[in-house]
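J.: sequence below, structure please.
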Amino acid sequence: MKIKKSQSKQKAEQRAEKPRVSDLNAALKMRAEADLPAAPVEGIRRVTQPRRKDEAKADAPRKAQEQQASAEFRDRTERQSSQSSRGRQAPEEHTPTTGRFFYALKVPASVTGPLSEAQRKLKGNWRTTGREQMHVTLCYLPSAPLDRLAELKALGARLTENLGPMDVKLRGTGYFPNEGSPRVWFVKVEAEGLDELAASLRAGVHELGIETEELGFKAHITLARRKGPAPRVPPMNFELGWKAGGATLQRSHLQKTGPVHEQVSTFRFQTVGQPTAPPDASSLTPTTTDHSSSPTQQTETQEPS
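T.: Now for the predicted structure:
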């Protein structure tokens with residue numbers, strides 16, 4: 001009997017242990033499942049899926065409004081840019097009320113030719129004066145009212161009517177300023193009565209209430225202007241001259257390539273009893289005082305400091 005009881009007791013204990021093993025297996029299974037990556041949720045899958053036609057139709061009005069708003073913004077920006085650009089150009093489009101004028105002696109072709117040859121010695125960033133633009137400035141008016149042009153013409157005629165032809169002579173070259181970096185290369189000019197004519201023109205312009213250049217008068221012909229690093233050339237002497245038969249009133253138009261001069265009036269130098277016909281290019285008879293084969297000569301002296 002005792003053996004039977006012990007066997008039945010063992011079987012009961014084995015049956016009691018079985019649930020514990022199953023519980024252990026279940027726990028291990030739950031732990032393994034917890035370590036697995038989580039499955040993607042349904043909402044995320046729907047984002048990656050193509051949109052249905054009904055949803056696209058529902059968004060069509062919103063897209064149309066966004067495109068229209070973008071187009072309106074772009075048009076408004078272009079109009080503002082165009083208006084701003086026109087605003088900057090407005091002063092150029094308006095008719096000017098003032099101009100740049102100057103009284104001057106014109107230089108004949110027999111003198112501009114040798115001067116043009118001398119310009120070839122320049123190197124670097126020099127902008128040379130064209131032969132047709134060469135002149136001797138007598139009085140410069142930086143901002144003269146255009147409606148006073150008739151008065152400026154009358155002044156020139158009045159101040160030159162009792163003058164005779166002038167013997168103009170060229171001298172040596174120079175720089176302005178002479179110290180430091182030069183901006184202008186020129187040749188000096190001399191003529192009897194030239195300084196007096198320039199002074200009377202300036203005084204007459206002031207009496208009209210029109211401003212003139214403040215710099216003192218120094219008769220010269222500008223040969224070139226410096227626009228960047230450029231070396232000087234040694235000084236040169238020009239034994240040249242011409243007989244000036246009259247003066248002119250010129251208007252200067254600024255351009256990107258340099259000023260362009262427009263002749264608006266001429267004044268003949270004449271004494272009492274001489275004809276009053278206006279001068280032309282042939283009447284300004286040039287004379288040369290150099291009897292050598294070359295109209296220009298290089299000086300032996302060093303360039304002044």
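J.: and residue 184, how many neighbours?
T.: Counted by other C-beta atoms under 10 Å, the residues lying close to residue 184 total 16. The C-beta positions use only the backbone N, C-alpha and C, and glycine is treated the same way.
J.: so who does the closest residue to it other than its chain neighbours touch?
T.: Leaving out its chain neighbours, the residue that sits closest to residue 184 by C-beta to C-beta, 6 or more residues apart in numbering is residue 176, at 4.4 Å. Each residue near residue 176 by C-beta atoms under 8 Å, 6 or more residues apart in numbering is listed here: 182, 183, 184, 186.
J.: my guess is the second one meets residue 227, correct?
T.: Going back to what we said before, that points to residue 183. No - under the criterion of C-beta atoms under 8 Å, residue 183 makes no contact with residue 227, lying 9.2 Å away.
J.: from residue 232, how far out is residue 181?
T.: 10 Å (C-beta to C-beta, to the nearest Å).
J.: look at the two and report which has more neighbours.
T.: Relative neighbour count places residue 232 above the other of residue 181 and residue 232, with 16 against 10, counting by other C-beta under 10 Å.
J.: check for me that that one belongs to a strand.
T.: No - looking at residue 232 with DSSP: H, G, I helix; E, B strand; the rest coil, it is coil, so not inside a strand.
J.: okay, it and residue 215: tell me how far apart.
T.: Taken as C-beta to C-beta, the span from residue 232 to residue 215 is 22 Å.
J.: ditto for residue 235
T.: 22 Å.
J.: check residue 207 too.
T.: 20 Å.
J.: and the helices in the stretch 101-250 of the chain?
T.: Along the stretch 101-250 of the chain, counting by DSSP state H, counting those that start in this stretch, helices occupy 109-119, 149-160, 194-207.
J.: buried ones in the second one?
T.: Across helix 149-160, burial judged by 16 or more other C-beta atoms under 10 Å covers 149, 151, 152, 155, 156, 157, 159, 160.
J.: over to the longest one?
T.: Along helix 194-207, the positions that meet the burial threshold by neighbour count (16+ other C-beta under 10 Å) are 194, 197, 198, 200, 201, 202, 204, 205.
J.: and that helix, average pLDDT?
T.: Per-region confidence: helix 194-207 scores 97 on mean pLDDT.
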